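J.: One predicted model, sequence on top.
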Amino acid sequence: MTTTTDVLVIGGGATGAGVLRDLARRGLRGLLVDRGDPGSGTSGRYHGLLHSGARYVVSDPLAARECAAENEVLRRIAPRTIEDSGGWYVQGPGDPDAYAAGFAAACAAAGVPCEERPVVELLAREPRLHPGLLRAFRVRDAALEPWELIEANLADAVAHGAAVRRYARVTAMERAGRRILSVTLADERSGSIERIVPRLVVSAAGAWAGRVAALAGVRLRILPGKGTMLVFAERLSDAVINRCHPPGDGDLIVPIHTVSILGTTDVQVTDPDDTAVERAEVAALLSEGERLFPALRERRVLRAYAGVRPLYEPPADDGDGPGATAPPGGRMIRRSHVVIDHAAHDDVDDFVSIVGGKLTTCRLMAEETVDVVMRKLGTSARCTTAAEVLPGQEPRHNHWLGARLAAHEAAGGGDAGLICECELVTRPDLDAFLDERWPCSLDDVRRGTRLGMGPCQGGFCTFRAAGVIAEREARRGASLDGVADLASASAASFLDERLKGVRAVAWGRQLQELLLVEGLYRGVLGSTRPAVDVGASLDDSVAPRVAHAVG
Amino acid sequence: MPSVDVVVVGSGLAGLATAVRFAEDGARVAVVAAGSATLSWAGGPLDVAAVPPDGTPREGVANLAARPGHPYAILADDIDAAVAWFGVTMANGGLPYEGDLDRPLRPLPTALGATRPAAIVPAAMADAMEPWRPGEGLVVMGIQGDKDLWPAAVAAGLRQAFAAVPGTGPASITAVTVALPDLAGRRNRSALDMARRFDDPRQRAAILGRLGRALDGGPGGERRIALPAALGLADHAAALAAAREALGGPVFELPMVPPSIPGLRVQAVLRRRLLALGGRILLGEAVARVELDAGRVARVILPAAARETTIQAPALVLATGGLTGGGLVAPASGGLRETVLGLPVEAPPEADWLASRADAPGGHPIALAGIRTDAQLRPVAPLGSTVRRRLPSGVRIVGSLLAGQRFVDERCGDGVALASAWRAAA
């Protein structure tokens, strides 16, 4: 099968989704492909922080300015994805006086709103913080739900004529001289092959951009920087808390939904798929985190997870490239993004990569990318993405746990049928998602509904969700063999994924619950791995990775 | 100051069985427990041993007894007496079990749509244990709105599970979901709520009437019927009999997620027996500390809101469970701690606690962690330990707190609990 399109966007993270939306709103036909579910890569494995910009005011004022501006834009166009928790930068007993002394001025210089407040005021709001804090600065940090942002961008793009292929992996690019003739896609679920003939290819593949570029015969050096995060079973604070010091490990806590994320580490890895978490990283995070929250070790850790930052290393001879002057090494590499027109650098006319950047600036990255695309395609239209509110952004108490239940009850729904008690995901929520997205994986369900993301980490709702799917399939007379595979595979891979998340944080209640739930599934209920690898019969998509928290 | 002959800490199968055994010998017993323990997770079958999973429990016990350091290495001789005692105690309590140590383990369907090996099962699961005759079908019935039993998924899963060994399963497996009008719109029922409805004769009759009518439209011929494990709690025997009569044939319960009614039934029988024998049960009470006289257990101190409670007792049985039950905890600072006395814990090196996969053969090495004992179940130093500190006397260890077992993978937890209870009270 051959499909033509104006622009093929590779990668369904926040950036790719933003690019697709911007293209569609400027009248170009776009097709976005992702090897998995959109948001299953770095965007869905970040800490959930909508940056105020304050983190970069000293190390990278340009990035700080961009963050501050885009923070306001996202609050306007995507209010439903944001919990306006507010944020604080705090100087603890061991933190350098000089950094805190220059902090407010650096914020002002970078256009980042910042206000110093009495420490007692902060301690009254956040009693778990270290009582010996020296200074406190209030900033406009917030918590952001990445999957909702991505899906809203995609929905807007589709409403304006774009198309999305989930679980579609780019396997080859056919080049002739300076031209890309076609791109080959393999459907990860059915195995079918599709040939895409685009006028132009945009790679928004993030940490995987080097691999995508290689398919086009282009050398693009990405330094995957693994960041590990810990998910605590509760909100340790109501606001985002940052340490006021040069950015480092374990100096950031983001309360999001029912949990808190402590981040991050920065470890250079060679493989962007390397998201394994080492116990040493966890130990480092905890000992740094304790400087903010002294009783941190007593709190329950649900799991650890890692995401891989897409840090771009410009060629050494590329004197005019942004960031070229930054010294090498993870955190010191500029976080700002770069749009690379490979016609200028690599003799490929119709290939553009957008690399680097942060989730907070995803819309700006998309705008700059599409500006380059428009110029290359010889058309022009004004970018409107900063002004137009995304679809589905009607106001709600979006981060109040009871909101969904209250909405259901207000609609006269009565007893809602709670499938996931931790996150209050009801049967109607699940049905609505499945109506739109089935066939899909339980991992997709997780990202789409938050099913399985609470304290029990899918212990009960995983097999309930499989049961709901079976009931729906039975009702429409479908063969249930696939559903049986789904159920047994979901139980088995749920246990594996849960183990992966808990391995590095195996102590206390979380270790106890790991063993309890495994005992329940394997002992009481007789769960065994299916004799046949379901990967062969169905696909990866039925290997749900239910147990990540937000990431 | 209250005084007893023995304090048992923990109210799971091991703790309650130990307490009943002591009380049957005339001892004054107090059970102290922080919670109602893992019986609310127990699915119903009595897990003595499943090594290999298609052998008999007796073969399994022998195989495990041959493993150095396994609790059965010291307890195997008591398993016959202990299991027989359990059978009599349950039958006298109105909860008869079927099967014995020499019954081959057979696949018992569960609410996950999987099967698990079982040989000794409550009467409510006995109809699942007979080999399936040619042409015999299975109907999985559930009640609409029960979040923990999804008949279509169970049927689909069981078709696959039985197909893995052709000729061993039912000829057909179908699913029926029944709506109960008086529960219309109510969709947050737990098995406990269902069981209470089955305890009430009027509601029971109405529900079974609905189930029976739903069956009439289903496949005819020989069939067995699988139901959620919720056929009554207080009046289970009557509910089971009524179900068999109303549905006209073999009926069995599917083990489910907690709250597990079959486990709660066992708990109720043992609690009633203990109270009838004059034993006391103090729930919600963790032990604050234990005081010794000349190295021997003398007083057990319980925390309380107003003031501490002291129980005088010359003997203490720890039935607090392993990591799962809370008898061991793993502090964030590393290592393992026994929660009542701080006894030395035998455990694999911390780096090896967890296997790389949830289904790794043998399970997680940390399952082996526990307290090492002598044949009288008195705590001793861990195997290989060079530390020799004096441990308190007057202490016995029973159940999952005993080192050297992998109760999930070996399915030995109930047998170890009963045999150690028998030994501790001997």
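T.: Nice, I can see it.
J.: Neighbours of the residue in the stretch 301-426 of chain B that chain A sits nearest to, how many?
T.: For the stretch 301-426 of chain B, the residue closest to chain A is B:Ala358, as judged by C-beta to the nearest C-beta, at 3.5 Å. For the C-beta atoms, the positions are set from N, CA and C on the backbone; glycine is no exception. Residues within reach of B:Ala358, counting by other C-beta atoms under 10 Å in any protein chain shown, total 25.
J.: Tell me who's in contact with residue 130.
T.: Using chain A. Contacts for A:His130 (C-beta atoms under 8 Å, 6 or more residues apart in numbering or on different chains) come out as A:90, A:92-93, A:291-294.
J.: Switch to chain B, please.
T.: With C-beta under 8 Å, 6+ apart, B:Glu130 has these contacts: B:Pro250.
J.: thinking again about what came up before, identify the farthest-apart pair in the contacts of A:His130.
T.: Spatial extent of the contacts of A:His130 (C-beta to C-beta) is set by the pair A:Pro93 and A:Phe293 at 13.8 Å.
J.: related to what we said a few turns ago, among the contacts of A:His130, name the ones in strands.
T.: Secondary structure of those is defined by DSSP state E; positions in strands are A:Val90.
J.: would you turn the contacts of A:His130 into TSV with pLDDT, neighbour count and distance to B:Asp199?
T.: As requested, the contacts of A:His130 are exported to TSV (pLDDT from 0 to 100; neighbours: other C-beta atoms under 10 Å in any protein chain shown; distance: C-beta to C-beta, whole Å):
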residue	pLDDT	neighbour count	distance to B:Asp199
A:Val90	98	25	57
A:Gly92	94	18	59
A:Pro93	92	9	61
A:Arg291	94	20	56
A:Leu292	95	25	52
A:Phe293	96	22	48
A:Pro294	94	14	51
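J.: I'd like the contacts of A:His130 written out as CSV, with distance to A:Ala506 added.
T.: Listed next are the contacts of A:His130 as CSV, based on distance: C-beta to C-beta, whole Å:
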residue, distance to A:Ala506
A:Val90, 30
A:Gly92, 29
A:Pro93, 31
A:Arg291, 24
A:Leu292, 23
A:Phe293, 21
A:Pro294, 23
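J.: Okay, and which of the contacts of A:His130 map to helices?
T.: Nothing among those maps onto helices, per DSSP state H.
J.: on that earlier part again, please tell me I have it right and the residue of the stretch 301-426 of chain B closest to chain A contacts A:Gly523.
T.: No. Counting by C-beta atoms under 8 Å, A:Gly523 is not a contact partner of B:Ala358; they are 12.0 Å apart.
J.: B:Leu240 touches B:Ala126, doesn't it?
T.: No. Here B:Leu240 lies out of contact with B:Ala126, judged by C-beta under 8 Å, at a distance of 10.0 Å.
J.: The two: which has the busier surroundings?
T.: Just comparing B:Leu240 and B:Ala126: by other C-beta under 10 Å the higher neighbour count belongs to B:Leu240, 22 against 18.
J.: Now do the contacts for that one.
T.: B:123-124, B:231-232, B:251.
J.: same question, A:Arg29
T.: A:5-7, A:23, A:161-163.
J.: can you pick the most crowded of these?
T.: Neighbour max across these (other C-beta under 10 Å) = A:Leu23, 30 neighbours.
J.: Does it belong to a helix, a strand or coil?
T.: Under DSSP: H, G, I helix; E, B strand; the rest coil, A:Leu23 falls in the helix class.
J.: tell me the contacts of it?
T.: Contacts of A:Leu23 (C-beta under 8 Å, 6+ apart): A:6-7, A:9, A:29-30, A:157, A:162, A:370, A:373.
J.: mind showing which ranges of the chain have poor pLDDT?
T.: Going with chain A. A:316-335, A:396-401, A:404-405, A:408, A:411-416, A:488, A:490-491, A:493, A:529-551 (pLDDT under 70).
J.: wait, chain B
T.: Scanning chain B with the threshold set as pLDDT under 70 gives B:183-188, B:217-221.
J.: now for the helix or strand A:Asp431 falls within, which elements pack on it?
T.: Using DSSP states H and E, A:Asp431 sits within helix A:427-437. Contact partners of helix A:427-437 among helices and strands, from 3 or more C-beta pairs under 8 Å, 6 or more residues apart in numbering or on different chains; DSSP states H and E: strand A:418-420, helix A:442-449, helix A:461-475.
J.: and the nearest residue to A:Arg166 once chain neighbours are set aside, what is it in contact with?
T.: Nearest non-adjacent residue to A:Arg166, counting by C-beta to C-beta, 6 or more residues apart in numbering or on different chains: A:Asp37, 5.7 Å away. By C-beta under 8 Å, 6+ apart, A:Asp37 lies in contact with A:12, A:166-167, A:440-441, A:443-444, A:447, A:541.
J.: Look up how far B:Thr310 lies from the residue in the stretch 101-250 of chain B that chain A sits nearest to.
T.: In the stretch 101-250 of chain B, the residue found nearest to chain A is B:Trp150; the distance is 2.5 Å by C-beta to the nearest C-beta. Counting by C-beta to C-beta, to the nearest Å, the gap from B:Trp150 to B:Thr310 is 50 Å.
J.: Could you give the bridge partners of B:Met141?
T.: Beta-bridge partners of B:Met141, counted by DSSP bridges, are B:Val176.
J.: Also B:Ile225?
T.: Here B:Ile225, judged by DSSP bridges, has bridge partners B:Val139, B:Val251.
J.: can you count the residues close to it?
T.: Counted with other C-beta under 10 Å, B:Ile225 comes out at 23.
J.: now do A:Ala108
T.: Residues near A:Ala108, counting by other C-beta under 10 Å: 12.
J.: That one: helix or strand, and which one exactly?
T.: Assigned by DSSP H and E, A:Ala108 falls in helix A:97-110.
J.: chain center to that helix: distance?
T.: Here helix A:97-110 is found 30 Å from its chain centre; the criterion is C-alpha atoms, centre = their mean, to the nearest Å.
J.: ok, and the closest non-adjacent residue to the closest residue to chain B within the stretch 401-550 of chain A?
T.: Here the stretch 401-550 of chain A gets closest to chain B at one residue, A:Gly467, 2.5 Å apart by C-beta to the nearest C-beta. Among residues not flanking A:Gly467 along the chain, B:Trp150 sits closest, at 2.5 Å (C-beta to C-beta, 6+ apart).
J.: Just confirm yes or no for stretch A:441-449 near chain B.
T.: No. Against chain B, stretch A:441-449 shows no contacts by C-beta under 8 Å from any C-beta of the partner chain, the least distance being 12.5 Å.
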